[in-house]
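>>> Generate coordinates for the sequence data below:
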Amino acid sequence: MRLRAAFTLIELLVVIAIIAILAAILFPVFAQARAKARQASSVSNLKQLGMAVSMYAQDWEAYPFHSSPSSQSPRTRWPDYLFPYVKSEAIFRSPGAPANAFLKPFAHNPAALYGGYGYNYQYLGNTRHPFVATDADIERPAETITLADTEGSSFDKGVLNAGNYVIDPPLSSWRGSRPATPGGGFYGAPGTAECSSTLWGCRAVPAERHSEMVTVAFADGHAKAMKRKQMDDSNRDGVPDNGLWSGKADPTQR
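Numbers count the residues shown, from 1 in each chain. From the prediction side, this is the model:
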C-alpha cells in the first residue's frame, strides 16, 4: 500500500499566508464596491425625492416647509409632505447613515422612522423664520440644492435628534437660522454655549457618506454625488458661498 504524502507545516503556512494576502487585497475592493452600491442607491432615492419636491412645488405653487410648528401634534416635516408623491417610507432613509440618524417618525405611521437626508430649509421653506420659496424665487433650479445626505447638527451639539432632517449652507442666509460667529458668518462660534468645539459648530452639515461624496438632489429633479467643498464653493475660488443653495446661482448673495 502506497502512503500519500501529507502537507508539511511550511506548506500549510505558505498557503495560509497566500490566503491572508488575497484577503487583504480583496476586502478593500469589496468595501469599495459596497460603498459604490450605497451611493447608487442614495442617488436613486434622491432623484425620486427631488422629483417629489418639484411636483409638490408645482401643485402648491410653493416649496414645502421643513416642518410644522413644534406645537402641532403630530408634528409634520418635509418627508410627510413628500410621502404622497413617492408612496415609499424606505427612500427617506439614507443608506449608510448611523442608527441614531433614524429618529423622526412619519405622521401617518409613527412606527416608521426616517433620517439621514436633509432639506435646504433656509432657502426653500423655513418655519423658524416663516418663509416658503415659490418657483419665481428659484431662478436657477438646476443649480439649487434641495436635499442631500446630512450629518445634522446633533453630532456637534450632543443632542441625538437635532438637525437630522435638514442641511445648512456654509454661510447663514439673510433669513437667518442658527447662531453665527461674530463677523464670520459661519454657524456657531466653536466653544460657545450653543455649540461644541468641533469644526462645524451648529451647522447641519452635508455628510460625505458614500466614498467621501455627498449625494445631492437639485430643484430641477436631477441628483448626483459631489464633494462637500463643491457644494459650499460654487465658483471654486476657495471662499465658501451659498451660490448652490440660494436659488440664484450667485456666489455673492446670502
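>>> Could I get the full set of helices for the protein?
Along the chain, counting by DSSP state H, helices occupy 9-60, 78-86, 121-124, 154-157, 228-231.
>>> Pick out the shakiest of those helices, pLDDT-wise.
Among those, helix 154-157 carries the lowest mean pLDDT, a mean of 56.
>>> For Gln39, give me its contacts.
Shown in contact with Gln39 (Cβ atoms under 8 Å, 6 or more residues apart in numbering): His210, Ser211, Met213, Thr215, Ala225. Bear in mind the C-beta positions are built from the backbone N, C-alpha and C, glycine included.
>>> And the furthest pair within these?
Greatest spatial distance in those: Ser211 and Thr215, 10.2 Å, computed using Cβ to Cβ.
>>> Neighbour count for those two, which is higher?
The neighbour count for Ser211 versus Thr215, taken as other Cβ atoms under 10 Å, is higher for Thr215 (29 against 12).
>>> what do Ser211 and Thr215 both touch?
Counting by Cβ under 8 Å, 6+ apart, the common neighbours of Ser211 and Thr215 are Gln39, Ala225.
>>> and stretch 13-30, how far from the chain's centre?
35 Å (Cα atoms, centre = their mean, to the nearest Å).
>>> what does stretch 133-149 give?
Worked out by Cα atoms, centre = their mean, stretch 133-149 lies 16 Å from the chain centre.
>>> now for that stretch, what's the gap between its first and last residues?
Using Cα to Cα, to the nearest Å, the end-to-end distance of stretch 133-149 comes to 21 Å.
>>> repeat for stretch 211-229
Across its full length, stretch 211-229 reaches 15 Å between end residues, using Cα to Cα.
>>> Now, the contacts of Gln39 that are in strands?
Under the assignment DSSP state E, these contribute Thr215, Ala225 to strands.
>>> so which of the contacts of Gln39 would you say is closest to Gly118?
Using Cβ to Cβ, Thr215 comes nearest to Gly118 of the contacts of Gln39, at 11.1 Å.
>>> pretty sure that closest one is touching Ala40, no?
No: between Thr215 and Ala40 there is no contact under Cβ atoms under 8 Å: 9.2 Å.
>>> what ranges of the stretch 51-200 of the chain fall below the confidence cut-off?
Along the stretch 51-200 of the chain, the parts satisfying pLDDT under 70 run over 154-162, 176-200.
>>> quick one: the strands in it?
Counting by DSSP state E, counting those that start in this stretch, the stretch 51-200 of the chain has strands at residues 104-105, 113-114, 117-119, 125-126, 131-132, 145-152.
>>> Same list as before, these that is, but in a markdown table and with mean neighbour count included.
A markdown table is the format used below for the strands of the stretch 51-200 of the chain (neighbours: other Cβ atoms under 10 Å):
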| stretch | mean neighbour count |
| --- | --- |
| strand 104-105 | 18 |
| strand 113-114 | 20 |
| strand 117-119 | 29 |
| strand 125-126 | 22 |
| strand 131-132 | 18 |
| strand 145-152 | 28 |
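>>> Could you dump the ones you listed into a markdown table with distance to Gly221 added?
Shown next, in a markdown table, are the strands of the stretch 51-200 of the chain (distance: least, Cβ to Cβ, whole Å):
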| stretch | distance to Gly221 |
| --- | --- |
| strand 104-105 | 24 |
| strand 113-114 | 20 |
| strand 117-119 | 15 |
| strand 125-126 | 17 |
| strand 131-132 | 19 |
| strand 145-152 | 9 |
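>>> how close does Leu82 sit to Ala35?
Leu82 sits 26 Å away from Ala35, going by Cβ to Cβ, to the nearest Å.
>>> These two - which one has more neighbours?
Neighbour comparison, Leu82 and Ala35: the larger count goes to Leu82, with 22 against 17 (by other Cβ under 10 Å).
>>> Now do the contacts for the more buried one.
Leu49, Ala52, Val53, Tyr56, Pro64.
>>> can you tell me how far it sits from Val214?
Relative to Val214, and taking Cβ to Cβ, Leu82 is found at 19 Å.
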